[in-house]
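*Asks:* quick check, what structure comes out for this input:
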Amino acid sequence: MDKNPDFDRAPSASGYSVLVASSEAHPLIKTGELADVASSLPSALRELGHDARLVVPAYPQARRMVRELRRLMEWRLPGIPKPVQILHGFLPDRDLPVYLVDAPDHFSREGNPYTDMSGNDWGDNPERFLLFCRVVGHLAMGLPTLDWRPDILHCNDWQTGLVPVLLRDQADRPAIIFTIHNLAYQGVFDRATFDRLHLPAALWSMAGLEFHHRMSFIKGGISFADLINTVSPSHAEEIKTPAHGFGLDGLLRQLGGRFCGILNGIDYREWNPAQDSTLPQTYDAHRIHLKAENKLALQSLFSLPRNESTFIFGYMGRFVEQKGVDLIVDILPQLLQEASIQLVMQGVGDRDMERTLAEIAASNPDRVSVHIGYDERYAHLIEAGSDAFLMPSRFEPCGLNQMYSLRYGNVPIAHNTGGLADTVIDATEQALANGTANGLLFNDANPDGLWYAIEKAVHLSRNEPERWRAMILAGMRQDLSWEASARRYQSFYAEALEARWQHTRVASA
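*Replies:* Below you'll find the model as predicted:
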């Protein structure tokens with residue numbers, strides 16, 4: 001049987017056509033690293049010659065920010081009382097085409113895309129993201145009004161996990177990639193929800209969506225996509241173990257060669273200390289002394305005493321157990337005994353943790369400052385003004401903050417896990433001697449492990465300044481751009497097209 005040219009080709013002169021589906025994308029709406037990847041990866045693919053486009057829900061923030069926004073089409077979906085519209089435009093800061101799925105009853109909600117003002121999940125999240133998956137499936141199969149159809153459909157995390165399920169029987173569907181960004185969030189709901197969604201009864205099975213007597217959106221993506229990946233090689237191995245697989249490790253092990261890890265990159269247009277317009281003073285590896293001006297600005301922004309010689313630890317991320325914020329709280333009494341040390345933190349998360357951190361800051365106004373929320377200007381200044389960045393995550397699929405830190409000469413102190421292990425080179429004696437060390441890793445995710453790494457960082461900065469400077473420069477000179485990652489995805493897409501063709505050949509035999 002001859003090969004089907006639609007499913008067996010290298011990129012043509014015009015490259016692949018790729019539809020990236022995500023529940024969030026920077027700068028339209030962001031709760032985590034998925035948003036950065038969802039906009040940066042298709043942008044990098046376009047620079048490699050591929051026609052990559054993005055589809056996200058039409059949250060109010062997204063509608064306000066997408067430029068040249070226009071309505072493409074409207075249609076009615078069975079069971080949805082109001083028509084759904086597809087809007088088209090471009091990201092505000094780049095020429096990346098974006099489709100918005102406009103269903104006001106489902107997505108016209110300000111703030112967090114997944115939770116209400118009290119921090120609880122929206123009760124209709126299953127219906128909301130099933131609708132999104134249904135529309136993404138229609139886009140992937142091609143709509144007459146678009147005159148465009150993707151070769152590759154790239155789905156991300158549980159909110160898009162039902163798209164591969166919905167397209168499973170479509171003979172002419174695109175090749176489907178499913179990327180796991182955080183396996184801890186699986187979109188798991190009860191049997192009543194499964195029935196309420198009117199999904200085919202046959203999907204309630206071990207081979208379908210059933211997961212320990214409940215239904216799992218993310219299991220659908222893993223089970224029915226052509227190829228599956230997560231966002232770093234180390235994490236790909238970790239989540240195939242019971243300790244980190246959240247009950248899906250057996251399924252991931254069964255995937256064999258269909259599953260791998262591809263390290264994320266960072267967007268150098270957004271994160272470049274030499275051209276960062278949010279900073280009071282730009283700098284690079286050749287002008288590292290200019291970084292000090294940003295430290296003073298950071299201290300002013302966080303209402304801390306200005307002192308260039310103070311050693312500042314920074315943290316930015318969610319205030320949740322996964323990120324190890326409780327470990328930072330546990331070592332704070334020891335940290336505050338050290339002279340000339342300050343801590344700045346930005347993030348949102350567990351309400352009790354937010355209150356605890358706010359109380360610590362109020363009790364130590366000259367040493368600790370906490371910003372509850374997320375502000376891009378704060379984020380860039382934390383990276384540019386801190387001396388060391390704390391990432392004590394218990395697990396970290398990839399992590400971008402440590403990459404931002406390396407890029408900005410902010411030495412990461414990180415737990416030896418996932419993408420942190422793939423990007424941070426520990427300050428061992430050998431690595432310090434050969435000039436490759438760029439941060440500090442600790443093996444045990446407990447207060448003692450974190451404190452050991454902090455003590456070593458403070459010692460190096462104060463007693464071995466030349467080695468400390470060499471670590472800073474090693475990190476700043478590391479290539480962390482999206483180009484290498486995008487090229488790996490380009491190869492992954494070729495593998496997915498081949499897998500799709502093989503599946504089609506077997507099915508038609």
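*Asks:* low-confidence regions, the stretch 401-509 of the chain specifically.
*Replies:* 503-509 (pLDDT under 70).
*Asks:* work out the gap between stretch 63-81 and the centre of the chain.
*Replies:* Remark: stretch 63-81 is offset 26 Å from the chain centroid, using Cα atoms, centre = their mean, to the nearest Å.
*Asks:* for the residue lying closest to residue 446 once chain neighbours are set aside, the count of nearby residues, please.
*Replies:* In this structure, residue 446 finds its nearest non-sequential neighbour in residue 327, 6.9 Å apart by Cβ to Cβ, 6 or more residues apart in numbering. Where you see a C-beta, it was placed from the backbone N, CA and C, and this is true even at glycine. Around residue 327 sit 23 other residues, with neighbours defined as other Cβ atoms under 10 Å.
*Asks:* what strand or helix carries residue 327?
*Replies:* Using DSSP states H and E, residue 327 sits in helix 325-335.
*Asks:* do residue 469 as well
*Replies:* Going by DSSP H and E, residue 469 is part of helix 465-476.
*Asks:* ok, and what's touching that helix?
*Replies:* Here helix 465-476 makes contact (Cβ atoms under 8 Å, 6 or more residues apart in numbering) with 273, 284-285, 288, 405-409, 411-412, 425, 427, 432, 435-439, 460-461.
*Asks:* one more: stretch 207-218?
*Replies:* Under the contact criterion Cβ under 8 Å, 6+ apart, stretch 207-218 has outside partners 126, 129, 157-159, 161-162, 165, 180, 183, 185-191, 193-194, 199, 202-204, 219-220, 223, 247-248.
*Asks:* circling back to that earlier point, give the contact list for the residue nearest to residue 446.
*Replies:* Contact analysis of residue 327 by Cβ under 8 Å, 6+ apart lists 392, 445-447, 450.
*Asks:* which residues of the protein score low on pLDDT?
*Replies:* Applying pLDDT under 70 to the chain flags residues 1-14, 503-509.
*Asks:* can you give the domain ranges for it?
*Replies:* Here the domain parsing of the chain from automatic domain parsing is 14-265+483-508, 285-480.
*Asks:* and the last one, how far out from the chain middle?
*Replies:* Meaning domain 285-480. The chain centroid and the centroid of domain 285-480 are separated by 19 Å under Cα atoms, centre = their mean.
*Asks:* same deal with the first one?
*Replies:* Averaged C-alpha coordinates place domain 14-265+483-508 at 13 Å from its chain's average position (Cα atoms, centre = their mean).
*Asks:* returning to what we had before: give me the sheet partners of the following helix or strand past the helix holding residue 327 and which way each runs.
*Replies:* Scanning forward in sequence from helix 325-335 by DSSP H and E, the next helix or strand is strand 341-347. Partners of strand 341-347 in the sheet, by DSSP bridges, are strand 311-316 (parallel), strand 368-372 (parallel).
*Asks:* tell me how many other residues surround the closest residue in space to residue 437 that isn't next to it in sequence.
*Replies:* Spatially, and ignoring its direct neighbours in sequence, residue 437 is nearest to residue 431 (3.8 Å; Cβ to Cβ, 6+ apart). Residue neighbour count, defined by other Cβ under 10 Å, stands at 16 for residue 431.
*Asks:* give me the secondary structure label for residue 431.
*Replies:* The three-state label given to residue 431 by DSSP: H, G, I helix; E, B strand; the rest coil is helix.
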